[in-house]
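> Dropping a prediction and its sequence here:
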Amino acid sequence: MSKVMSVNCGSSSLKFKLYEMPEEKVITSGIVERIGHDDAIFTIKLNGEKIRKILPVKDHGVAVQIVMDALLENKILNSLDEIKATGHRVVQGGPYFHHSELFNEDTYKKIESLIPLAPLHNKAHLTGYNAFKKVLPNTPAVAVFDTAFHQTMLPEDYSYPIKKEYAEKYMIRRYGAHGTSHKYLCEIGESYLDGDDKRMIICHLGSGASITATHNGKCVATSMGLTPLGGIMMNTRTGDMDPSVYYQIQKMSGKDSETIFQEFNKESGLYGMSGTSNDSRDVEEAALNGNKDAQLALDLWSRRIADFIGQYYVRLGRVDMIIFSAGIGENSPESREWILNRVKEALHIDIDWEKNKVRGQIETISSPKSSVKVMVIPTDEEVMIARDAYKAIKE
């Protein structure tokens with residue numbers, strides 16, 4: 001048995017889960033939020049209860065030390081040497097990484113070189129890695145890439161119709177995201193299908209959202225593009241859009257390109273259209289209370305997802321299963337209903353609406369007479385990170 005830690009560092013946060021491997025038993029989990037502030041929040045789950053503290057956390061190094069001290073003080077660990085590996089989520093692996101890799105100088109430099117493609121994420125991931133390395137200098141660290149699962153796409157599926165010079169010089173292509181989640185869901189979903197030829201559409205619907213078409217365990221196509229701004233409309237992101245919209249707004253408003261880019265990332269989507277909130281639950285409530293802008297936002301959101309499902313149905317030739325997962329996909333029966341009502345006639349889907357009321361647990365929500373099996377499957381990116389970290393130390 002070995003203790004392995006899954007780590008997900010953001011620009012101002014550090015999420016972690018400590019596992020007993022290979023049993024995949026969660027020993028504890030937690031998060032440090034508002035890193036860089038005097039009123040940062042540290043939460044750790046112990047014996048089924050959450051302990052929460054508000055304290056100053058200067059940087060990620062301090063956050064890591066707080067986590068490690070808590071593990072020792074609460075007798076979760078007798079020594080930090082018990083942690084045999086750390087697995088670090090990395091959003092952007094570019095064209096370099098088709099699978100997880102041990103951190104070394106080459107891995108680090110390549111992740112660093114990709115910061116322009118994911119400035120908010122890759123930089124934070126490296127900051128987190130450096131902080132853990134100071135505390136656990138002799139513990140192997142593994143980079144687990146969100147983009148790796150999508151590296152099986154064909155050039156016709158990941159290329160953009162731009163000058164070859166730009167594509168090659170600036171590494172402009174579709175990379176996708178949420179690959180660790182899609183890989184997990186693909187493995188679970190395929191276990192519910194018979195036969196050797198398995199084709200699925202996986203809908204990872206959270207604040208950030210993406211859809212992936214898979215064939216026999218491999219990604220065929222995915223909705224997010226060069227960055228997480230592409231693909232379907234999301235809580236605050238536009239998703240795919242005519243590039244001239246960007247040009248026209250910049251020209252007419254006089255705003256600089258960076259300002260507009262940030263608005264398209266953080267103030268658009270459901271939030272921008274509804275004018276209510278960046279939380280989809282608030283938008284749903286506003287729509288139910290008669291807010292027409294909120295209703296239009298939700299209609300467009302579900303339409304865009306339905307369009308991708310239809311596109312991927314054609315791309316695959318047929319579909320055996322559609323999976324709903326992540327925060328919205330797992331916990332919003334209403335959202336699933338809006339989407340499925342837009343595709344059920346074309347795809348000959350029949351839904352058991354009583355089963356569709358499920359939240360946060362595995363359930364088949366299609367009826368036996370449905371041509372396509374539809375399931376709700378909660379995702380688990382952390383366990384995939386732990387698996388790859390454990391695999392690295394066993395090889």
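Happy to help now that I have it. Numbers count the residues shown, from 1 in each chain.

> As a check, name the ranges of all helices in this structure.
With DSSP state H, the ranges of helices along the chain come out as 60-73, 105-113, 122-135, 155-158, 164-169, 179-190, 243-253, 257-266, 269-274, 280-288, 292-316, 326-331, 333-347, 381-394.

> got TSV for those helices, with mean pLDDT too?
Formatted as TSV, the helices of the chain follow (pLDDT from 0 to 100):
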stretch	mean pLDDT
helix 60-73	89
helix 105-113	93
helix 122-135	87
helix 155-158	96
helix 164-169	94
helix 179-190	94
helix 243-253	94
helix 257-266	91
helix 269-274	92
helix 280-288	89
helix 292-316	95
helix 326-331	91
helix 333-347	95
helix 381-394	89
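
> For Ser12, find the nearest of those helices.
Judged by C-beta to C-beta, the one of these that comes nearest to Ser12 is helix 122-135, at 8.2 Å. In this view, the C-beta of every residue, glycine as well, is placed from N, C-alpha and C.

> Check which residues of the closest one are buried.
For helix 122-135, burial by neighbour count (16 or more other C-beta atoms under 10 Å) applies to Asn122, Lys123, Ala124, His125, Leu126, Thr127, Gly128, Tyr129, Ala131, Phe132, Lys133, Val135.

> out of those, who's nearest Tyr19?
Within the buried residues of helix 122-135, the smallest distance to Tyr19 is 15.5 Å, found for Phe132 (C-beta to C-beta).

> how much space is there between the residue lying closest to Val7 once chain neighbours are set aside and Thr127?
Distance criterion C-beta to C-beta, 6 or more residues apart in numbering; nearest residue to Val7, sequence neighbours excluded, is His88 at 4.9 Å. For His88, the distance to Thr127 equals 11 Å [C-beta to C-beta, to the nearest Å].

> Also Gly36?
Plainly put, Gly36 is 11 Å away from Thr127 if you go by C-beta to C-beta.

> can you list residues touching both of the two?
Asp59 (C-beta atoms under 8 Å, 6 or more residues apart in numbering).

> before we move on, the earlier item: mind listing the residues bridging to the residue nearest to Val7?
On the basis of DSSP bridges, His88 is bridged to Val7, Ala143.

> So it sits against Ala131, correct?
No. The pair His88 / Ala131 is not scored as a contact, 10.5 Å apart, by C-beta atoms under 8 Å.

> Can you tell me what sits against stretch 357-376?
For stretch 357-376, contacts defined as C-beta under 8 Å, 6+ apart pick out 188-189, 192-193, 319-325, 329-333, 336, 340, 347-352, 355-356, 377-378.

> Just the buried subset of the residues you listed, written out for ChimeraX, thanks.
Command for ChimeraX, covering only those of the contacts of stretch 357-376 found buried under the criterion 16+ other C-beta under 10 Å:
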select :188,189,192,319,320,321,322,323,324,325,329,330,331,332,333,336,340,347,349,351,356,377,378
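
> so what's Asp59 scoring on pLDDT?
Per-residue pLDDT puts Asp59 at 83.

> Chain neighbours aside, what residue packs nearest to Lys58?
That would be Gly36: by C-beta to C-beta, 6+ apart, it lies 7.0 Å from Lys58.

> hmm, I was thinking of His60
Nearest non-adjacent residue to His60 (C-beta to C-beta, 6+ apart): Ala131, at 4.2 Å.

> measure that neighbour to Tyr312 for me?
39 Å.

> One more: Ser191?
21 Å.

> Can you pick out the residue with more neighbours from these two?
Tyr312 (24 against 8; other C-beta atoms under 10 Å).

> Pull the contacting residues for that one.
Contacts of Tyr312 (C-beta under 8 Å, 6+ apart): Ile201, Ile211, Ala213, Val220, Ala221, Val319.

> Now rank those by neighbours and give me the top one.
Neighbour counts for the contacts of Tyr312 (other C-beta under 10 Å) peak at Ile201, which has 29 neighbours.

> residues touching the residue nearest to His60, list them.
Cys9, Asp59, His60, Gly61, Ala63, Val64.

> Mark which of those residues are buried, thanks.
Cys9, His60, Gly61, Ala63, Val64.

> Once you drop chain neighbours, what's closest to Leu77?
In space, and not counting its chain neighbours, Leu77 is closest to Leu71: 4.6 Å by C-beta to C-beta, 6+ apart.

> same question, Pro95
Met171 (6.3 Å).

> Give me the phi and psi angles of that neighbour.
Per-residue torsions, Met171: phi 50, psi 50 (degrees, to the nearest 10).

> Now do it, the pLDDT please.
Looking at Met171, the pLDDT reads 89.

> Same question for Ser325.
You'll see Ser325 listed with a pLDDT of 94.

> Surely it is in contact with Ala209?
No. Ser325 is not in contact with Ala209 according to C-beta under 8 Å; the separation is 10.1 Å.

> Touching both of these two, which residues are there?
Contacts common to Ser325 and Ala209, judged by C-beta under 8 Å, 6+ apart, are Cys203.

> quick one: contacts for Val62?
Contacts for Val62 (C-beta under 8 Å, 6+ apart) come out as Ile35.

> Name the residue closest to the centre of this structure, please.
Of all residues in the chain, the one closest to the mean position by C-alpha atoms, centre = their mean is His178, 3.5 Å from it.

> number of nearby residues for Asp194?
For Asp194, the count of nearby residues is 6 (other C-beta under 10 Å).

> where's it relative to Asp299, distance?
36 Å.

> Tyr271 now?
15 Å.

> Show me which of those two is the more surrounded one.
Tyr271 (22 against 14).

> what sits against the residue nearest to Lys58?
Each residue near Gly36 by C-beta under 8 Å, 6+ apart is listed here: Ser12, Val57, Lys58, Asp59.

> which of those sit farthest apart?
Ser12 and Lys58 (11.9 Å).

> who has more neighbours, those two?
Ser12 (16 against 12).

> between His88 and Thr127, what contacts are shared?
Cys9.

> Run a quick neighbour tally on Ser253.
Here the number of neighbours of Ser253 (other C-beta under 10 Å) works out to 11.
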